[in-house]
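Undergrad: Predicted model follows, preceded by the sequence.
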Amino acid sequence: MSESFSIVIPTFNSLPYVEECVASALGQTHGNVEVVVDDNASHDGTPETLESRFGSDGRLRVYKNTEDLNIPNGWNRAISHATGEYLLLLHSDNILHPDFVRLVLEKVQSTQGKVLYTECKYFEGETPAALFGSAPEAITHDHLGRGPGAVAYAFRFQRMIPTSALAIHRSCFERRLPYDVRYRWDPDIEQMAWLAHEFGVVHLRFPLAAIRTHKGQAASWKDPTFSTQYRELLLLEHQRGLTERHHFLLDWASSNQYIAERISEIGGPSTAMVKYLNRWLASELRVLAHFQAQFLRRLKQAVITLLHWARIRTGRSVGRAAART
């Protein structure tokens, strides 16, 4: 298992989180790792802090930039510095399990996969004292070949796959840039769909990445170019008084299921319920041939959601009728 692995960390004014992020990247148990930090014109002293703390480690390269690029162009610039056979774009407020690279590359050996992702843990604010446990000796996985089934699996069975949990073989980008510059706010969503369709996906069923949630993540949602579904998710969270904790960020990839469940909780309009149940079930049907048991569980959850919504709506109708009398 001698494959080289690049952990690419784009950053902008990310202190103090980026220090934990880089420490977790340099703390990998796999030896053949390079850590590339691309600083997007920070003015909080990020490059200097990293060089002062980690400068003696020859595996780390820090690139200082004077031009502040938008998300897709900045991420593409960061990845252009990488030389590893496999790449991981790690957000500067997230951290990795020490065995992330080792276990992913072991799975590469057994599956020959080019696109592999792991489950994640989520935490808020400061890093808990014991965020990760010991990884098991053998991690189970699902492996879907390329095509619509892989796309449906990646976006429905598994919640949104953060870039911080996604390892990609560099040959995947021989025909295109890693991130499509047309998608200003959600290039990672487009990229994941394209990768799954073209190369298939290997899903490691163990959390090897940790995603930090904080207020800054929701600051961009008011932009007019922001994703429609992001807006819908945030609106629902706001109505339920949960905006401050940003739960919508944790549930993006299962968004059709998630929105339907939230609509059922607030007794939303029938047009919205039909729309999202249809989308949800259509995506599950695409992977029925691969994972019958999972599909049946999802179907059961859809029925429960619909019944819950019907009870809420029926109760409101009775209440309005009583009020009129």
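TA: Done, it's in.
Undergrad: And for G74, the neighbour number?
TA: When neighbours are defined as other CB atoms under 10 Å, G74 has 21 of them. In short, each C-beta sits where N, CA and C put it, glycine included.
Undergrad: Contact partners for it?
TA: P10, F12, D38, N40, D68 (CB atoms under 8 Å, 6 or more residues apart in numbering).
Undergrad: Just put these in TSV and tack on secondary structure, neighbour count and distance to G145.
TA: Compiled in TSV, those are given as follows (DSSP: H, G, I helix; E, B strand; the rest coil; neighbours: other CB atoms under 10 Å; distance: CB to CB, whole Å):
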residue	secondary structure	neighbour count	distance to G145
P10	strand	25	31
F12	coil	18	37
D38	strand	26	33
N40	coil	25	36
D68	coil	11	40
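Undergrad: how about CSV for those, with pLDDT added?
TA: Listed next are these as CSV, based on pLDDT from 0 to 100:
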residue, pLDDT
P10, 95
F12, 91
D38, 96
N40, 91
D68, 87
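Undergrad: and the next element down the chain from the helix or strand bottoming out on mean pLDDT in the chain?
TA: Sorting the helices and strands of the chain by mean pLDDT, DSSP states H and E puts helix 228-239 at the bottom, at a mean of 53. Reading on from helix 228-239 to the C-terminus, the next helix or strand found by DSSP states H and E is helix 255-266.
Undergrad: Around Y183, how many other residues sit close by?
TA: Neighbour count for Y183, taken as other CB under 10 Å: 16.
Undergrad: Spit out the contact partners of the residue nearest to it when sequence neighbours are not counted.
TA: Nearest non-adjacent residue to Y183, counting by CB to CB, 6 or more residues apart in numbering: E190, 4.9 Å away. Contact partners of E190, counting by CB under 8 Å, 6+ apart, are Y179, D180, Y183.
Undergrad: Phi, psi for E190 please.
TA: For E190, the backbone dihedrals are phi -60, psi -40 (criterion: degrees, to the nearest 10).
Undergrad: quick revisit: how about the contacts of G74 in TSV, adding distance to H97?
TA: Below are these laid out as TSV (distance: CB to CB, whole Å):
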residue	distance to H97
P10	21
F12	25
D38	23
N40	26
D68	31
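Undergrad: Give the buried residues for the helix or strand encompassing I189.
TA: Assessed by DSSP H and E, I189 sits inside helix 187-199. Counting neighbours by 16 or more other CB atoms under 10 Å, one finds that the buried residues in helix 187-199 are P187, D188, I189, Q191, M192, A193, W194, L195, A196, H197, E198, F199.
Undergrad: Output that helix as PDB, restricted to C-alpha atoms.
TA: The C-alpha atoms that make up helix 187-199 are tabulated as PDB, following Å, rounded to 0.1, in the frame of the first residue of the first chain:
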ATOM      1  CA  PRO A 187     -19.700  22.900  -6.700                       C
ATOM      2  CA  ASP A 188     -19.200  19.900  -4.400                       C
ATOM      3  CA  ILE A 189     -22.800  18.700  -5.000                       C
ATOM      4  CA  GLU A 190     -22.300  18.800  -8.800                       C
ATOM      5  CA  GLN A 191     -18.900  17.100  -8.500                       C
ATOM      6  CA  MET A 192     -20.200  14.300  -6.400                       C
ATOM      7  CA  ALA A 193     -23.100  13.600  -8.800                       C
ATOM      8  CA  TRP A 194     -20.600  13.600 -11.700                       C
ATOM      9  CA  LEU A 195     -18.100  11.300 -10.000                       C
ATOM     10  CA  ALA A 196     -20.800   8.800  -9.000                       C
ATOM     11  CA  HIS A 197     -22.200   8.700 -12.500                       C
ATOM     12  CA  GLU A 198     -18.900   8.400 -14.200                       C
ATOM     13  CA  PHE A 199     -16.900   6.200 -11.800                       C
END
